[in-house]
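Asks: Output the structure for:
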Amino acid sequence: MGPLPPEAWERLPESNALAALEASAARRYLCPAQAVTVAAPGTQAIIQLLPALLGGSDIRVLGATYGEFARVFALAGAKPRLCERLDDLEGASVAVVVNPNNPDGRLVAPEALLALAPRVGTLVVDEAFMDALAPAPSLIPHLPARRTLVLRSFGKFYGLAGLRLGFAVTSPDLAQELRDRLGPWAVSGPAMEIGAHALADEAWPRASRNRLTAAALRLDGVLVRAGLDIIGGTPLFRLARHCRAPRLFRALAEAGILTRPFAAEPDWLRFGLPGSEGAWDRLVKALEAF
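Replies: As a prediction, the model looks like this:
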């Protein structure tokens, strides 16, 4: 991709650029004709709007998972409940499933989600890490299901988290309500240009999935040789268990390597993929020293 056109920086984003971006996303995610794709400045911006958009008092989240869903509903006065089984979501005003799950990579088949949708008020499915999977068991090609909203992240797979771009795919009525709450010019001109170009590229995602899959297998080997047990993850991250995980977390941090600990599961650490051969070497040496 060449330099961005000056008007992407100098003018407010125009409706035709937004339409082009959303059309690229709809093609990439295999959206059916009856579903609508809505662009936003990151999926977190959409999550923040869910309590006002969806309402409801009985909020259930398939956990353990990304904590922002429970947090935003709690701030709105609800008492969200974490559920261990998909069947436990039945009857909820709003049911949330992160698929694949963060941090353990748990997958729920689209057929199971379609069966759940009529049994809840609104089903929210966060597919933030779905792009890294092949084949991708996305719910989107099967929409619309009754009162269902699917989130897709751009920044995670494309490595551009700072761009702040994400999408919701849903029915026309929910899509219009979401647009009204996002307001005009929610997505920046540069994000529109970069997002539309990247989503139209067919070759890069295939090559990236192959690269990520190989890197995840390599990371598994490094961690297992260091005495950790792999208990889940996606091609973008790995979840591992170690009996001295808190001490390992501190040792890695001192070596300039940030992992994610879990207060509820003190033996767990989540590892991202090293970004260079130098980073791989630093990880191996830090694990050996530990």
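
Asks: Please make it C-alpha for all contacts and neighbour counts, starting now.
Replies: Will do.

Asks: can you give me the helices in the stretch 51-200 of the chain?
Replies: Under the criterion DSSP state H, counting those that start in this stretch, the stretch 51-200 of the chain contains helices at 68-75, 110-116, 155-158, 172-182, 189-200.

Asks: I would like the residues contacting the shortest one, please.
Replies: Think helix 155-158. Helix 155-158 has contacts (C-alpha atoms under 8 Å, 6 or more residues apart in numbering) with G42, A128, F129, D131, A132, A161, G162, L163, R164, L165, G166, L236.

Asks: which among these end up buried?
Replies: G42, A128, F129, D131, A132, L163, R164, L165, G166, L236 (16 or more other C-alpha atoms under 10 Å).

Asks: okay if I get these as TSV plus pLDDT?
Replies: Supplementary listing: those in TSV, determined by pLDDT from 0 to 100:
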residue	pLDDT
G42	98
A128	98
F129	98
D131	97
A132	97
L163	96
R164	97
L165	98
G166	98
L236	97
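
Asks: Return the subset of those lying in strands.
Replies: Among the buried ones among the contacts of helix 155-158, the ones falling in strands (DSSP state E) are G166.

Asks: For L151, list each beta-bridge partner.
Replies: On the basis of DSSP bridges, L151 is bridged to D126, A168.

Asks: And it, how far from Q44?
Replies: As judged by C-alpha to C-alpha, to the nearest Å, L151 and Q44 stand 10 Å apart.

Asks: now A17
Replies: Using C-alpha to C-alpha, A17 is found at 22 Å from Q44.

Asks: repeat for A263
Replies: Here A263 is placed at a distance of 22 Å from Q44 (C-alpha to C-alpha).

Asks: do the same with S15
Replies: As judged by C-alpha to C-alpha, S15 and Q44 stand 22 Å apart.

Asks: So for the two, which residue has more residues nearby?
Replies: Between S15 and Q44, counted using other C-alpha atoms under 10 Å, the more crowded position is Q44 (17 against 11).

Asks: check which helix or strand covers the more buried one.
Replies: Per DSSP states H and E: Q44 is located in helix 43-54.

Asks: R238 now?
Replies: Going by DSSP H and E, R238 is part of strand 237-241.

Asks: So in that sheet, which strands flank that strand, and in what orientation?
Replies: According to DSSP bridges, strand 237-241 forms sheet pairs with strand 229-234 (antiparallel), strand 268-272 (antiparallel).

Asks: which element follows that strand toward the C-terminus?
Replies: helix 245-254.

Asks: buried stuff in that following helix?
Replies: Applying a neighbour-count criterion of 16+ other C-alpha under 10 Å, one finds A245, P246, L248, F249, A251, L252 buried in helix 245-254.

Asks: With stretch 207-221 instead?
Replies: Buried residues in stretch 207-221, defined by neighbour count with 16+ other C-alpha under 10 Å: R209, L212, T213, A215, A216, L219, D220.

Asks: Could you check how far the strand holding R238 is from the centre of its chain?
Replies: Computed by C-alpha atoms, centre = their mean, to the nearest Å, the chain-centroid distance of strand 237-241 equals 17 Å.

Asks: what's the average pLDDT for that strand?
Replies: Model confidence over strand 237-241, given as mean pLDDT, is 98.

Asks: Tell me which residues are up against that strand.
Replies: With contacts defined as C-alpha under 8 Å, 6+ apart, strand 237-241 is touched by 103-104, 216, 219-220, 223, 228-233, 267-273.

Asks: rerun at 10 Å
Replies: Applying C-alpha atoms under 10 Å, 6 or more residues apart in numbering, the contact partners of strand 237-241 are 102-105, 129, 212, 215-217, 219-220, 223-224, 227-233, 259-261, 265-274.

Asks: Tell me which residues touch R270, please.
Replies: Taking C-alpha under 10 Å, 6+ apart, one finds 102-104, 230-233, 237-241, 249, 258-262 in contact with R270.

Asks: Mind giving me the ChimeraX command for buried ones among the residues you listed?
Replies: Buried residues among these (16+ other C-alpha under 10 Å), as a ChimeraX selection:
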select :102,103,104,230,232,233,237,238,239,240,241,249,258,259,261
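
Asks: just to revisit the earlier point, any chance of the helices of the stretch 51-200 of the chain in a markdown table with mean pLDDT, distance to A8 and mean neighbour count as columns?
Replies: Converted to a markdown table, the helices of the stretch 51-200 of the chain look like this (pLDDT from 0 to 100; distance: least, C-alpha to C-alpha, whole Å; neighbours: other C-alpha atoms under 10 Å):
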| stretch | mean pLDDT | distance to A8 | mean neighbour count |
| --- | --- | --- | --- |
| helix 68-75 | 97 | 31 | 17 |
| helix 110-116 | 97 | 38 | 15 |
| helix 155-158 | 96 | 19 | 18 |
| helix 172-182 | 96 | 20 | 15 |
| helix 189-200 | 97 | 5 | 19 |
